[in-house]
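Colleague: below is the sequence, then the predicted model.
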Amino acid sequence: MSTRAIAYLKKTEIPYEAVKYEHREKGAEFAARATGYPLECTVKTLVAELDRKRYCLALLPGHRELDLKKLASLFATKRTAMVDIKTAERLTGYLVGGISPFGTQQRLETVMENSILTSGEVLINAGRRGMMLKMAPGDIVRALDCRVASIAR
(Lines give C-alpha, C1' and ligand atoms only; values in the text may rest on other atoms or scores of the structure.)
Protein backbone atom coordinates (compact mmCIF):
# COMPACT_ATOMS: atom_id res chain seq x y z
CA MET A 1 0.00 0.00 0.00
CA SER A 2 1.64 3.20 -1.19
CA THR A 3 0.92 6.86 -0.51
CA ARG A 4 2.17 10.11 -2.05
CA ALA A 5 4.54 10.35 0.93
CA ILE A 6 6.06 6.94 0.20
CA ALA A 7 6.31 7.74 -3.53
CA TYR A 8 8.10 11.00 -2.62
CA LEU A 9 10.63 9.17 -0.42
CA LYS A 10 11.25 6.51 -3.06
CA LYS A 11 11.84 9.20 -5.69
CA THR A 12 14.32 11.04 -3.44
CA GLU A 13 15.91 7.71 -2.37
CA ILE A 14 15.42 8.40 1.34
CA PRO A 15 15.34 5.21 3.46
CA TYR A 16 12.26 4.38 5.54
CA GLU A 17 10.37 1.42 6.95
CA ALA A 18 6.56 1.36 6.78
CA VAL A 19 4.84 0.56 10.09
CA LYS A 20 1.11 -0.23 10.02
CA TYR A 21 -1.31 -0.14 12.95
CA GLU A 22 -5.04 -0.24 13.48
CA HIS A 23 -6.21 3.37 13.41
CA ARG A 24 -9.00 4.05 15.89
CA GLU A 25 -8.36 7.67 16.80
CA LYS A 26 -6.30 10.63 15.61
CA GLY A 27 -3.15 11.80 17.30
CA ALA A 28 0.43 10.93 18.14
CA GLU A 29 -0.53 9.48 21.53
CA PHE A 30 -2.77 6.83 19.97
CA ALA A 31 -0.22 6.07 17.21
CA ALA A 32 2.53 5.64 19.82
CA ARG A 33 0.38 3.28 21.92
CA ALA A 34 -0.77 1.30 18.87
CA THR A 35 2.76 0.83 17.50
CA GLY A 36 4.44 0.39 20.89
CA TYR A 37 6.79 3.24 20.02
CA PRO A 38 7.73 5.95 22.57
CA LEU A 39 5.59 9.10 22.32
CA GLU A 40 8.70 11.32 22.35
CA CYS A 41 9.88 9.48 19.20
CA THR A 42 6.51 9.74 17.43
CA VAL A 43 6.51 12.90 15.31
CA LYS A 44 3.34 14.86 14.65
CA THR A 45 2.90 17.12 11.62
CA LEU A 46 1.01 20.34 12.32
CA VAL A 47 -0.13 22.98 9.83
CA ALA A 48 0.15 26.63 10.88
CA GLU A 49 -0.78 29.90 9.19
CA LEU A 50 1.78 32.67 9.08
CA ASP A 51 0.93 36.27 8.18
CA ARG A 52 -0.85 36.97 4.88
CA LYS A 53 -2.12 33.47 4.09
CA ARG A 54 1.36 31.94 4.21
CA TYR A 55 1.47 28.45 5.68
CA CYS A 56 4.06 26.10 7.13
CA LEU A 57 4.40 22.62 8.57
CA ALA A 58 5.75 22.13 12.08
CA LEU A 59 7.18 18.75 13.08
CA LEU A 60 7.10 18.07 16.82
CA PRO A 61 7.62 15.13 19.16
CA GLY A 62 4.26 13.68 20.20
CA HIS A 63 4.64 14.74 23.84
CA ARG A 64 5.35 18.44 23.12
CA GLU A 65 3.18 21.37 22.02
CA LEU A 66 3.88 23.95 19.34
CA ASP A 67 4.93 27.34 20.70
CA LEU A 68 3.24 29.76 18.28
CA LYS A 69 5.33 32.71 19.53
CA LYS A 70 8.58 30.87 18.76
CA LEU A 71 7.22 29.93 15.33
CA ALA A 72 6.24 33.55 14.60
CA SER A 73 9.70 34.73 15.63
CA LEU A 74 11.40 32.11 13.45
CA PHE A 75 9.42 33.19 10.38
CA ALA A 76 9.63 36.92 11.30
CA THR A 77 5.86 37.33 11.37
CA LYS A 78 3.65 39.15 13.85
CA ARG A 79 1.41 36.17 14.55
CA THR A 80 0.87 32.51 13.75
CA ALA A 81 -2.16 30.31 14.29
CA MET A 82 -3.10 26.70 13.82
CA VAL A 83 -5.26 26.16 10.73
CA ASP A 84 -8.65 24.47 10.80
CA ILE A 85 -9.11 20.86 9.66
CA LYS A 86 -10.50 21.81 6.23
CA THR A 87 -7.53 24.10 5.47
CA ALA A 88 -4.98 21.53 6.69
CA GLU A 89 -6.51 18.87 4.46
CA ARG A 90 -6.73 21.21 1.44
CA LEU A 91 -3.09 22.34 1.74
CA THR A 92 -1.61 18.90 2.34
CA GLY A 93 -3.99 16.66 0.42
CA TYR A 94 -4.07 14.33 3.43
CA LEU A 95 -6.77 13.65 6.03
CA VAL A 96 -6.11 14.96 9.54
CA GLY A 97 -4.74 12.02 11.50
CA GLY A 98 -2.77 11.01 8.41
CA ILE A 99 -0.94 14.22 7.47
CA SER A 100 2.60 13.59 6.29
CA PRO A 101 5.14 16.31 5.51
CA PHE A 102 6.21 14.34 2.42
CA GLY A 103 4.40 14.72 -0.90
CA THR A 104 2.00 17.43 0.22
CA GLN A 105 -0.49 18.94 -2.24
CA GLN A 106 1.23 22.33 -1.92
CA ARG A 107 4.92 22.77 -1.15
CA LEU A 108 5.04 24.18 2.37
CA GLU A 109 7.98 25.52 4.32
CA THR A 110 8.73 23.04 7.09
CA VAL A 111 10.44 23.37 10.44
CA MET A 112 11.41 20.52 12.74
CA GLU A 113 11.72 20.84 16.51
CA ASN A 114 15.45 20.48 17.18
CA SER A 115 15.03 17.95 20.01
CA ILE A 116 13.82 15.37 17.44
CA LEU A 117 17.40 15.11 16.17
CA THR A 118 18.44 13.49 19.48
CA SER A 119 16.44 10.35 18.61
CA GLY A 120 18.04 7.56 16.59
CA GLU A 121 14.81 6.73 14.78
CA VAL A 122 11.34 8.23 14.86
CA LEU A 123 7.91 7.42 13.49
CA ILE A 124 6.29 10.01 11.24
CA ASN A 125 3.02 9.80 9.33
CA ALA A 126 3.06 8.08 5.96
CA GLY A 127 0.10 10.00 4.53
CA ARG A 128 -2.61 7.55 5.54
CA ARG A 129 -4.30 6.93 8.87
CA GLY A 130 -2.88 3.74 10.34
CA MET A 131 0.50 3.95 8.62
CA MET A 132 3.72 5.47 9.90
CA LEU A 133 7.26 5.64 8.55
CA LYS A 134 10.22 4.68 10.73
CA MET A 135 13.09 6.98 9.76
CA ALA A 136 16.23 8.67 11.00
CA PRO A 137 15.49 12.33 11.88
CA GLY A 138 18.42 13.48 9.72
CA ASP A 139 16.82 11.76 6.72
CA ILE A 140 13.59 13.70 7.36
CA VAL A 141 15.56 16.97 7.31
CA ARG A 142 17.33 15.88 4.13
CA ALA A 143 14.09 14.78 2.40
CA LEU A 144 12.31 18.04 3.19
CA ASP A 145 15.26 20.43 3.22
CA CYS A 146 13.59 21.81 6.33
CA ARG A 147 14.70 24.19 9.01
CA VAL A 148 15.56 22.88 12.47
CA ALA A 149 14.79 25.13 15.45
CA SER A 150 13.35 25.24 18.96
CA ILE A 151 9.60 25.57 18.32
CA ALA A 152 8.12 23.47 21.14
CA ARG A 153 7.15 24.24 24.69
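Modeller: Everything's here; your move. Residues are numbered from 1 along each chain as shown.
Colleague: look up how far P15 lies from R142.
Modeller: 10 Å (CB to CB, to the nearest Å). (C-beta placed from N, C-alpha, C; glycine too.)
Colleague: and if you look at R4?
Modeller: 18 Å.
Colleague: quote the end-to-end distance of stretch 104-121.
Modeller: For stretch 104-121, the first-to-last residue distance is 22 Å (CA to CA, to the nearest Å).
Colleague: now do the buried residues in it.
Modeller: T104, L108, E109, T110, V111, M112, E113, S115, I116, S119 (16 or more other CB atoms under 10 Å).
Colleague: ok now the lowest-mean-pLDDT helix or strand in the chain, how far from the chain's centre?
Modeller: Of all helical and strand segments in the chain, the minimum by mean pLDDT, DSSP states H and E falls on helix 28-35, at a mean of 87. Chain-centre distance of helix 28-35: 15 Å, with CA atoms, centre = their mean, to the nearest Å.
Colleague: mind listing what's buried along that helix?
Modeller: Residues A28, F30, A31, A32, A34, T35 are the ones in helix 28-35 that count as buried (16+ other CB under 10 Å).
Colleague: closest one of these to L68?
Modeller: Closest approach to L68 among those (CB to CB): A28, at 18.2 Å.
Colleague: return the residues in contact with the closest one.
Modeller: Contacts for A28 (CB atoms under 8 Å, 6 or more residues apart in numbering) come out as L39, T42, V43, K44, P61, G62, H63.
Colleague: likewise for A149?
Modeller: K70, L74, V111, M112, E113, N114 are the contacts of A149 under CB under 8 Å, 6+ apart.
Colleague: who's it bridged to?
Modeller: For A149, the beta-bridge partners are E113 (DSSP bridges).
Colleague: ok, now K134?
Modeller: Residues in beta-bridge contact with K134 (DSSP bridges): E17, L123.
Colleague: strands along this protein, start to end?
Modeller: 17-20, 42-50, 54-61, 81-82, 109-113, 122-128, 131-135, 147-149 (DSSP state E).
Colleague: how about the contacts of A149 in TSV, adding distance to M135 and pLDDT?
Modeller: Shown next, in TSV, are the contacts of A149 (distance: CB to CB, whole Å; pLDDT from 0 to 100):
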residue	distance to M135	pLDDT
K70	24	97
L74	23	96
V111	17	98
M112	12	98
E113	15	98
N114	17	97
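Colleague: cool, thanks, signing off.
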